[in-house]
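Participant: Make a model of this:
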Amino acid sequence: MKVLVTGGAGSLGRAFLKTLHEHSVCVVDSNEWAVAEAQGLFPRVEFILGDFADVNLEPYDCVIHCAAYKHVDLGENNVDAFIQNNVVKTLKLFKELHRLRTPFLFISTDKAVKPINAYGFTKALGEKMALVYGGSVGRCGNLLGSSGSVIPIWEQAIANQQPIPITDERMVRYVIEDVDASNQLWYEFLNGEKVIIPKCRKERLLDILATVLKRHGYEKASDYNPGVTIIGLRPGEKLEEELEWI
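Facilitator: Okay, here's the model as predicted:
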């Protein structure tokens, strides 16, 4: 198949490039630095630096729509931009794919379940739009180590021997490795599933931190001398996300 991956230079997009190695794949992404880096890692993949809303969709057998504005705190202060990208342009994409009868998979997030922030609301609308226009929805937890996630922030703090920032010790998250997510999503999509929720692990933030510290030779958090700093929840954050509406 010829597959278009929007936002394919991002963390999950790159995981899909590994999952789709047997197919002809094209990526469209507006992040210049990420495209330049991904192009070196995936020389067999075609890359378009640009906006997913401007791509000619006719050549593709299916589309995986990963592209989105996703940083929760940014969304709280830039609601218009999040609506324009995650809803308005995404709706245009889905309508055109429906017209062409092209199957598509919309990548969503646990923040779309009972949303309390702009990002979550736009993703909840995206899920509804995808299903209305005949697509499938893949709803994921947090990708371990993805851009904008907390793990790279912790890694940098450890490298610089600085205190590690933690929002709240009570925080719990659903987590999954990126390629594990892409493999599950692609398999279920090919099997015709409409709402796909990959199997994620439910972990406390402190347990995730303990795993990161062990990679750096610290058996427990108390062994890390710069210590941990509690910074509190950011605007729009929950203590615990959910993967399903109950």
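Participant: so how far is Val27 from Val45?
Facilitator: According to C-beta to C-beta, to the nearest Å, Val45 stands 6 Å off from Val27. (Each C-beta comes from the backbone N, C-alpha and C, glycine too.)
Participant: So which of those two has more stuff around it?
Facilitator: More crowded of Val45 and Val27, by other C-beta atoms under 10 Å: Val27, with 30 against 21.
Participant: and the more buried one, that one's in a helix?
Facilitator: No - per DSSP: H, G, I helix; E, B strand; the rest coil, Val27 lies outside any helix segment and is strand.
Participant: Tell me which other helices or strands the longest helix that the chain contains touches.
Facilitator: Across the chain, the longest stretch assigned as helix under DSSP state H is helix 118-132. With contacts taken as 3 or more C-beta pairs under 8 Å, 6 or more residues apart in numbering; DSSP states H and E, helix 118-132 sits against helix 72-77, helix 79-83, helix 89-100, strand 104-109, strand 136-140.
Participant: joint contacts of Val45 and Val27?
Facilitator: When contacts are counted by C-beta atoms under 8 Å, 6 or more residues apart in numbering, Val45 and Val27 have 8, 17, 38 as shared neighbours.
Participant: Out of those residues, who's the most crowded?
Facilitator: Going by other C-beta under 10 Å, Gly8 tops the shared contacts of Val45 and Val27 with 31 neighbours.
Participant: quick one, what contacts it?
Facilitator: 14, 16-17, 25, 27-29, 38, 45, 47, 64, 66.
Participant: What is the nearest of these to Gly141?
Facilitator: Cys66 (15.1 Å; C-beta to C-beta).
Participant: Would you agree Lys214 falls within a strand?
Facilitator: No - under three-state DSSP, Lys214 falls outside any strand and is assigned helix.
Participant: quick one on the thing from earlier: hey, which of the helices and strands packed on helix 118-132 is tucked in deepest?
Facilitator: For those, average neighbour numbers computed from mean count of other C-beta atoms under 10 Å are highest in strand 104-109, which has a mean of 25.
Participant: what does that one rub up against?
Facilitator: So strand 104-109 is contacted by 7, 12, 62-66, 68, 70, 90, 94, 97, 119-120, 123, 126-127, 129-130, 135-141, 185-186, 189, 196 (C-beta under 8 Å, 6+ apart).
Participant: What subset of the residues you listed is buried?
Facilitator: By neighbour count, with 16 or more other C-beta atoms under 10 Å, the contacts of strand 104-109 hold 7, 12, 62-66, 68, 70, 90, 94, 97, 119-120, 123, 126-127, 129-130, 135-141, 185-186, 189, 196 as buried.
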